[in-house]
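Visitor: Model the following, please.
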Amino acid sequence: AAGQTVAIVGGTLVSVIGRKRALVVFGVGQVITVLGYAYLAFGAPMGGAVIHWSAFTSDADPGGAVPGLPTGFTIGESYVDGPIRPGRAERASGIDTLDATGTVTLRIPTRAGTSTWPAQVSVGVSVDDLNRQSVANGASTVLHASNLYVAVRDTNTSWYWRPNDRRRLQVMAVRPDGQPVAGVPISVAVMRYRRIYAAATDEGSPKANWVIDTLVRSTVRSADSAVTYDFTPKTSGSYGVAFSAHDEHGRRVTTSVAGYVIGTDWTPWADASLRLPIEVVRDSLTLGDTLTVRFVSPFPRGEAWVTVEREDILAQRRMKVSAGESVVRFPVSATFIPGGHVSVLVADSGSAWRSDSTSRRVRVGYERFFVDRRAKTLMVNVVPNGHTFAPGDSVRIAVSLRDSEKRPVSGHVTLWAIDEGVAALTGYEVPDPAE
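Guide: Residues are numbered from 1 along each chain as shown. Down below sits the predicted model:
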């Protein structure tokens, strides 16, 4: 837990340069304890060598930090509007020396109270050999802010919320290993976020401030399985539902869900009234998948123009729509690689003679999507005629190209060679031309 000592266990050969190598092992215990070992290739320990270490702690992805959660349950805070808390992070670094056995033990303290959900601790260690060539390695582990978390699942399948529709949320109290905990009181707060603008004193642009209206406060008690909490939004707007609890040591944890309650009289973006609520069901796709786009029209009668774009329009669809949700699907072809934007423009067909206001007649929304590059990526196989060469030797290299289906293809090959020792000094990495 934060404020205690953690250790990371594992071992990896980080580099082989000439006759030297460095092996760094990280260990799991209780302040971060890191064990580092460094040996020469012929077995002699690198006693007395100077090592540099650094540690970086930041908010972790809660979904992967707590194993065993039932499908759909999440941990952490979610926002759609309102004041967003900046990510919390801290750094530490230092210098130490290997002892006669080539070993060093680092104890890196963590500070309590820097996070209310799991954090990721990454530790890096580097050592210089006798030729001043640096080798390095790193490892990471999860740092838990509490021995208790609140997990929440929204049971509704709609990606947006509607006025006067009941929203049912399932709630659990769990340990860091995902085991449920019964009998924990969990505080519930339902909030609505709205933005107000104050005139600037220097004749500049008005300053936006968020106002949070707390609509409901309640309490539920956890059980061995999920308990439910229901609420029904009455009006349009940006809503959040926060669930908070304390562990046995008084440490507070919070998980929240949020959503737009979309009605005909309101747009989610108060500073951009033309924006249209839009969702790409899956934004990471592969060749042959279907790109599914959902959008919500506020107009009783309208016409939509849906386009898939990058440098140009890759695909498009025009359709008549009514108020509410519409769905458009595009098959993912090779022209979609590596991705692009989906744009939706909806024009009100019924108000042509009632208003010339653009904000009353038009809505526009857009979202990004990505397509796996592998269908357009070549596999390059490089085979030298040997593995050890002396200065002045010639090297013959065979190169073969294949596509993603492992079929031979023709192409142009650029070949280069660099000194691996020099590359290690600069942190050089082989570039990916597909990126």
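
Visitor: mind listing what the residue nearest the centre of the chain touches?
Guide: Residue closest to the average C-alpha location in the chain (C-alpha atoms, centre = their mean): Asp61, at 6.8 Å. Asp61 makes contact with Gln120 under the criterion C-beta atoms under 8 Å, 6 or more residues apart in numbering. Just so you know, the C-beta spots here come from the backbone N, C-alpha and C atoms, and that holds for glycine as well.

Visitor: okay, it: pLDDT?
Guide: As predicted, Asp61 sits at a pLDDT of 72.

Visitor: Walking through the stretch 1-150 of the chain, point out its strands one by one.
Guide: 10-17, 20-26, 32-37, 50-59, 89-97, 103-108, 119-128, 134-143, 149-154 (DSSP state E, counting those that start in this stretch).

Visitor: Any chance of those strands in a markdown table with distance to Ser256 and mean neighbour count as columns?
Guide: Listed next are the strands of the stretch 1-150 of the chain as a markdown table, based on distance: least, C-beta to C-beta, whole Å; neighbours: other C-beta atoms under 10 Å:
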| stretch | distance to Ser256 | mean neighbour count |
| --- | --- | --- |
| strand 10-17 | 34 | 14 |
| strand 20-26 | 34 | 22 |
| strand 32-37 | 29 | 21 |
| strand 50-59 | 14 | 19 |
| strand 89-97 | 20 | 12 |
| strand 103-108 | 31 | 16 |
| strand 119-128 | 18 | 21 |
| strand 134-143 | 21 | 19 |
| strand 149-154 | 8 | 23 |
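
Visitor: Could I get those in a markdown table, plus columns for distance to Glu367?
Guide: Output for those, formatted as a markdown table (distance: least, C-beta to C-beta, whole Å):
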| stretch | distance to Glu367 |
| --- | --- |
| strand 10-17 | 39 |
| strand 20-26 | 40 |
| strand 32-37 | 40 |
| strand 50-59 | 25 |
| strand 89-97 | 28 |
| strand 103-108 | 41 |
| strand 119-128 | 28 |
| strand 134-143 | 31 |
| strand 149-154 | 20 |
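
Visitor: Could you list the residues in contact with stretch 155-163?
Guide: The set of residues external to stretch 155-163 that reach it, using C-beta under 8 Å, 6+ apart, is 165, 167-170, 233-236, 239, 259-263, 277, 279, 294, 296, 325.

Visitor: Buried members of the residues you listed into ChimeraX, please.
Guide: The buried residues among those can be selected in ChimeraX (16 or more other C-beta atoms under 10 Å) with this line:
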select :167,169,170,233,236,239,259,260,261,262,263,277,279,294,296,325
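
Visitor: What ranges in the stretch 101-250 of the chain fall below the confidence cut-off?
Guide: For the stretch 101-250 of the chain, applying pLDDT under 70 flags the ranges 111-116, 129-132, 200-205.

Visitor: and if we set it to 90?
Guide: The model of the stretch 101-250 of the chain has pLDDT under 90 over residues 101-148, 156-165, 176-178, 192-212, 234-239, 247-250.

Visitor: Kindly provide the distance from the residue nearest to the centre of the chain to Phe243.
Guide: According to C-beta to C-beta, to the nearest Å, Asp61 and Phe243 sit 19 Å apart.

Visitor: ok, longest helix in the chain?
Guide: Longest helix in the chain, counting residues (DSSP state H): helix 420-426.

Visitor: what sits opposite Ala151 in the beta ladder?
Guide: Beta bridges link Ala151 to Met172, judged by DSSP bridges.

Visitor: Repeat that for Val190.
Guide: Val216, Val241.

Visitor: wait, isn't it in contact with Tyr239?
Guide: Yes: between Val190 and Tyr239 a contact is recorded at 7.0 Å, counting by C-beta atoms under 8 Å.

Visitor: Now do the helices in the protein.
Guide: Ranges of helices within the chain are 62-65, 358-361, 420-426, based on DSSP H.

Visitor: what does the model give Val430 for pLDDT?
Guide: Confidence at Val430, expressed as pLDDT, is 77.

Visitor: same check, this time on Gly18
Guide: 29.

Visitor: right, so of the helices of the chain, which gets closest to Ser410?
Guide: helix 420-426 (30.5 Å; C-beta to C-beta).

Visitor: could I get the closest one in PDB with only the CA atoms?
Guide: Listed next in PDB are the C-alpha coordinates belonging to helix 420-426 (Å, rounded to 0.1, in the frame of the first residue of the first chain):
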ATOM      1  CA  GLU A 420      25.700  -1.500 -30.900                       C
ATOM      2  CA  GLY A 421      27.900   0.000 -28.200                       C
ATOM      3  CA  VAL A 422      27.500   3.500 -29.600                       C
ATOM      4  CA  ALA A 423      23.700   2.900 -29.900                       C
ATOM      5  CA  ALA A 424      23.500   1.900 -26.200                       C
ATOM      6  CA  LEU A 425      24.900   5.200 -25.100                       C
ATOM      7  CA  THR A 426      22.200   7.200 -26.900                       C
END
